[in-house]
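Q: this one's sequence-less:
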Ligand SMILES: Nc1ncnc2c1ncn2[C@@H]1O[C@H](COP(=O)(O)OP(=O)(O)OP(=O)(O)O)[C@@H](O)[C@H]1O
Ligand SMILES: Cc1ncc(COP(=O)(O)O)c(N)n1
């Protein structure tokens with residue numbers, strides 16, 4: 001008997017040649033969580049544990065064509081966006097997403113962990129006006145909140161104000177990630193009515209390349225399986241926390257989180 005296809009999830013993001021973030025992290029997280037991952041590549045980066053050595057965006061036509069190939073034949077139960085590089089690509093992707101019924105997770109990627117720009121400053125307005133309104137869940141980190149809304153988060157107490165400012169830009173839910181604060185790794189999820197605090201112990205591990213990509217992809221995978229937004233975010237938070245605890249050294253800089261942490265045997 002032929003088996004049924006697993007839920008299908010599409011990432012629209014940039015390639016990380018080092019395999020720790022971007023498309024590569026997204027597809028690994030999706031595999032680990034039991035969904036079929038598919039990709040629309042928006043840009044190619046030459047990247048490793050030390051930083052981003054080069055980046056080249058694809059033409060909008062190539063992005064549209066990849067999207068249509070996947071959606072028109074295979075179909076999607078959830079979409080996740082990551083690095084979109086330029087205003088032209090943000091607009092092209094927002095236009096495509098406006099036509100989908102599937103839940104959309106927007107990770108408004110701005111700069112890499114090493115401070116390399118992955119989104120032109122001239123694209124911020126298109127992210128605010130066109131991309132965020134298509135989002136079921138937007139997952140900015142604190143730097144992205146500041147760039148998009150002007151709200152600066154210094155402590156956990158500022159997270160509700162930050163989440164409200166993100167919500168005002170149009171996503172149905174805002175998940176503000178407090179991973180860059182001191183203390184516990186605390187994120188805040190809200191749709192303006194319900195508020196969920198997600199708290200995990202901070203792992204003292206510098207090998208955290210790809211945390212944001214992994215969390216957003218995990219949310220998309222769990223939504224595709226049929227969980228509601230608070231359930232999907234809680235499951236994704238548990239997954240990324242385990243992946244960070246198991247992050248490993250690679251190259252001379254910041255190594256990746258371990259997407260396969262749930263399958264490793266002790267010492268393996
Ligand atoms: N050291 C840590 N220990 C446990 N959880 C962490 C740690 N660092 C980040 N997190 C969690 O990882 C998730 C991603 O958050 P983070 O703030 O790192 O996102 P990000 O900045 O977009 O990621 P990236 O740095 O990969 O771009 C959040 O749930 C955050 O709370
Ligand atoms: C192609 C691509 N997309 C996203 C990130 C962000 O991930 P991180 O902040 O962990 O470097 C990245 N470095 N590269």
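A: Received it, and whenever you're ready, just let me know what you need. Model, not experiment: these values are computed from the prediction. Ligands and ions are numbered 1, 2, ... in the order given.

Q: for the residue of the stretch 1-150 of the chain at minimum distance from ligand 1, which non-adjacent residue is spatially closest?
A: Ligand 1 sits closest to residue 141 of the stretch 1-150 of the chain, with a gap of 3.4 Å, by C-beta to the nearest ligand atom. From N, CA and C alone the C-beta is placed, and that goes for glycine too. Leaving aside its chain neighbours, residue 141 sits nearest to residue 177 (4.7 Å; criterion: C-beta to C-beta, 6 or more residues apart in numbering).

Q: what segments of the stretch 151-268 of the chain are strands?
A: According to DSSP state E, counting those that start in this stretch, the stretch 151-268 of the chain carries its strands in the segments 173-177, 185-190, 195-200.

Q: turn these into CSV, including mean pLDDT.
A: Formatted as CSV, these follow (pLDDT from 0 to 100):
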stretch, mean pLDDT
strand 173-177, 98
strand 185-190, 98
strand 195-200, 98
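
Q: let me know which of those strands is tucked in deepest.
A: When the strands of the stretch 151-268 of the chain are scored by mean count of other C-beta atoms under 10 Å, the highest mean neighbour count falls to strand 173-177 (a mean of 27).

Q: what's the angle between that one and strand 195-200?
A: 30 degrees (axes from the mean of the first three to the mean of the last three C-alpha atoms, to 10 degrees).

Q: what helices or strands is strand 173-177 leaning on?
A: Other elements packing on strand 173-177 under the criterion 3 or more C-beta pairs under 8 Å, 6 or more residues apart in numbering; DSSP states H and E are strand 137-138, helix 142-149, helix 159-167, strand 185-190, helix 211-224, helix 229-245.

Q: and the contacts of that strand?
A: 135-142, 145, 153, 159, 162-164, 166-167, 187-191, 212, 215, 219, 229, 233 (C-beta atoms under 8 Å, 6 or more residues apart in numbering).

Q: hmm, back to that, I'd like the strands of the stretch 151-268 of the chain as CSV, with distance to residue 88 appended.
A: Below are the strands of the stretch 151-268 of the chain laid out as CSV (distance: least, C-beta to C-beta, whole Å):
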stretch, distance to residue 88
strand 173-177, 26
strand 185-190, 31
strand 195-200, 34
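
Q: output the ones you listed as CSV; include the columns distance to ligand 1.
A: Shown next, in CSV, are the strands of the stretch 151-268 of the chain (distance: least, C-beta to the nearest ligand atom, whole Å):
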stretch, distance to ligand 1
strand 173-177, 4
strand 185-190, 3
strand 195-200, 5
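
Q: re the thing from before, wait, doesn't the residue of the stretch 1-150 of the chain closest to ligand 1 sit right on residue 180?
A: Yes: counting by C-beta atoms under 8 Å, residue 141 does reach residue 180; the two are 6.3 Å apart.

Q: those two: which is more packed in?
A: residue 141 (22 against 11; other C-beta atoms under 10 Å).

Q: check contacts around the more buried one.
A: 177, 179-180, 212.

Q: 10 Å instead, please
A: The contact partners of residue 141, by C-beta atoms under 10 Å, 6 or more residues apart in numbering, come to 107-111, 153, 176-180, 187, 211-212, 215.

Q: who in the stretch 151-268 of the chain is up against ligand 2?
A: 209-213 (C-beta under 6 Å from any ligand atom).

Q: which of the residues you listed are buried?
A: Buried by 16 or more other C-beta atoms under 10 Å: 209-213, out of those.

Q: in the stretch 51-200 of the chain, what residue comes closest to ligand 1?
A: For the stretch 51-200 of the chain, C-beta to the nearest ligand atom, closest residue to ligand 1: residue 179, 2.4 Å.

Q: name the nearest residue to that residue, sequence neighbours excluded.
A: residue 185 (5.3 Å).
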